[in-house]
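Visitor: based on what follows, work out the 3D shape:
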Amino acid sequence: MLNRVKATFDLHPERLIADTAYGTGPLLGWLVEREIAPHILVFDKAGRSDGTWSNPTPG
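Guide: Alright, predicted model coming up:
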C-alpha cells in the first residue's frame, strides 16, 4: 500500500499507526529501514507460562 501511495501521489509517510496485529519484528524493521517511525503497540509475550507465545529457555 505504501508503495502504491508513493507511486500515485508521491507521498511518503514519516510515521505509521497500527494495532498490535502489525507489531511484529519483521514489519517494525521494514518500517524503520524506510525511515518510517512505527507507532504500534507491541506486547512482550516472552513471560507467558501456558506454552503459547512463550520464550523457551535452553537447558
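
Visitor: so which residues of the protein form helices?
Guide: 2-9, 25-33 (DSSP state H).

Visitor: deepest in the core, which of the ones you listed is it.
Guide: helix 25-33 (a mean of 12; mean count of other CB atoms under 10 Å). For the C-beta atoms, the positions are set from N, CA and C on the backbone; glycine is no exception.

Visitor: run the angle between that one and helix 2-9 for me.
Guide: Relative orientation of helix 25-33 and helix 2-9, computed by axes from the mean of the first three to the mean of the last three CA atoms, to 10 degrees: 30 degrees.

Visitor: counting contacts, what elements does helix 25-33 pack onto?
Guide: Here helix 25-33 touches strand 37-40, going by 3 or more CB pairs under 8 Å, 6 or more residues apart in numbering; DSSP states H and E.

Visitor: the strand it packs on packs against which elements?
Guide: Using 3+ CB pairs under 8 Å, 6+ apart, strand 37-40 sits against strand 15-18, helix 25-33.

Visitor: dump those to TSV, plus mean pLDDT.
Guide: Below are the helices and strands packed on strand 37-40 laid out as TSV (pLDDT from 0 to 100):
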stretch	mean pLDDT
strand 15-18	92
helix 25-33	91
